[in-house]
Structures are given as C-alpha cells and as structure tokens.
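**Student:** Mind folding the following:
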Amino acid sequence: MFENFKNNKSLKELSKTAKFLKRQRQIFNLTTARHIGIVFNLTDSKAFDTVLGFKAMLERIPITVEAIGFYNDKEIPQLYTLEKGVNVFSRVELNWYKKPKTPLYSEFIAKDFDILIDLAQDEVIPLRWVSTLSRAKFKVGALNYFNNPFDLIVTVDKSMGLEHLTQQIYNTLEVLNNRFAQQTV
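**Tutor:** Residues are numbered from 1 along each chain as shown. Below you'll find the predicted structure:
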C-alpha cells in the first residue's frame, strides 16, 4: 500500500515537472537520425547483452548511440559498468519520488537526441522519469500507459522478449517515412 502511494506521488511530481519541458518535436528514422539515446531496464545479463547488440546494430549505420539503464538493486555489478557509452544507475541513486539523482541522469536528459528509444517492457518509475524529461526530438517506446511521453509506440507481445522488441523497433524506424529523408535514385 505504501509503495502504491509512493508511486502515485512520484507520477504526480513527474507530471508537474514535465509541464515545463520544452522540446522541439520532429520525426526521425534511421536514415536521418545521427544521435540516438536508449533507455532500458537492466534485469539480467541477457537484457544487457541484447541492449549491447542493439546498440552495435545502430552504430553500424553509423549513428552515435548512448544508453542509460536502471538496475533495481543497491550495488551494480562491475560487468555492467565497463561498457563505453552505456551508463547504469541503481536504486541507491533515487530520491523519495524515485527520481534519479545521479549526474548521469541529468547529463542524459539534457542531450539533444534525434531519437530516444525506451526498451522498458514494464513500467519502471525511474526510467519513466528519464523518458519523460528527455529533450529528444522523437521518442519511441514499447509501453503504452496513461500520460506516456512517446511519439511512437511499437506494440509487441511481452512474452516474445526484449530481443524481439529491439528488432521490431529497428524495423519500424528503418521503414518509417520521413519527408526530410534523403532519397536515393
């Protein structure tokens, strides 16, 4: 019961804070994007490997990719802190509203990403803070909930796993028509 109260207070605080967010909205696809941010829930090493594979797939295009993940424990295993361009924060780095209070969070949301991709398949309040307050021009997510911050929602069956979700997001962004895209003849 206390956890529900805390979550509701957190979502109200997030809603108040988000009212003051100013961002330039624009549609991007994998042809036009140059800087992508990935938000993910770090539940196990398989999820981490999937995110790294997705990041590598995007970097081959070439696109600059940065990722931030949430590890729901007090201490982050060293394995998750060694990858360049991937930052992870833990529940120790949250305030009472479950808002991240780490400098990694502040730096990440301040960046002007062309696309922000939220890979969370369940609602995780700290990641919702990141996705909602990011200044990204085009936000893509898999989770549809009340007051979601996404411009595009890719709906997939959760039982198919994170790897299937990343593939579907990649395919969707690859074929997304954009009037600013360069046409090759």
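**Student:** Buried residues in the helix or strand of the chain with the lowest mean pLDDT, which are they?
**Tutor:** Between all helices and strands in the chain, the lowest mean by mean pLDDT, DSSP states H and E belongs to helix 2-18, at a mean of 81. Neighbour-count burial for helix 2-18 flags 10-11, 13-14 (criterion: 16 or more other C-beta atoms under 10 Å). For glycine as for every other residue, the C-beta is placed from the backbone atoms N, C-alpha and C.
**Student:** Also stretch 20-40?
**Tutor:** Buried residues in stretch 20-40, counted by 16+ other C-beta under 10 Å: 27-30, 32-33, 35-40.
**Student:** which residues touch residue 124?
**Tutor:** Residue 124 makes contact with 41, 70, 72 under the criterion C-beta atoms under 8 Å, 6 or more residues apart in numbering.
**Student:** if we go to 7 Å?
**Tutor:** Counting by C-beta atoms under 7 Å, 6 or more residues apart in numbering, residue 124 touches 41, 70.
**Student:** quick one: pLDDT of the nearest residue to residue 57 once chain neighbours are set aside?
**Tutor:** Sequence neighbours aside, residue 170 is the residue nearest to residue 57 in space, at 6.5 Å (criterion: C-beta to C-beta, 6 or more residues apart in numbering). Residue 170 is assigned 96 on the pLDDT scale.
**Student:** pretty sure residue 108 is in contact with residue 68, am I right?
**Tutor:** Yes: the pair residue 108 / residue 68 is scored as a contact, 4.8 Å apart, by C-beta atoms under 7 Å.
**Student:** picking that back up, where does the residue nearest to residue 57 sit: helix, strand or coil?
**Tutor:** helix (DSSP: H, G, I helix; E, B strand; the rest coil).
**Student:** Break down the protein into its helices, ranges please.
**Tutor:** Here the chain has its helices, by DSSP state H, at 2-18, 45-59, 103-110, 125-133, 162-175.
**Student:** and residue 97, which of those helices is closest to it?
**Tutor:** helix 2-18 (4.3 Å; C-beta to C-beta).
**Student:** Now do the closest one and helix 125-133, the angle between them.
**Tutor:** Relative orientation of helix 2-18 and helix 125-133, computed by axes from the mean of the first three to the mean of the last three C-alpha atoms, to 10 degrees: 10 degrees.
**Student:** which residues touch helix 2-18?
**Tutor:** Residues outside helix 2-18 that contact it (C-beta under 7 Å, 6+ apart): 97-98, 125, 128-129, 132-133, 147.
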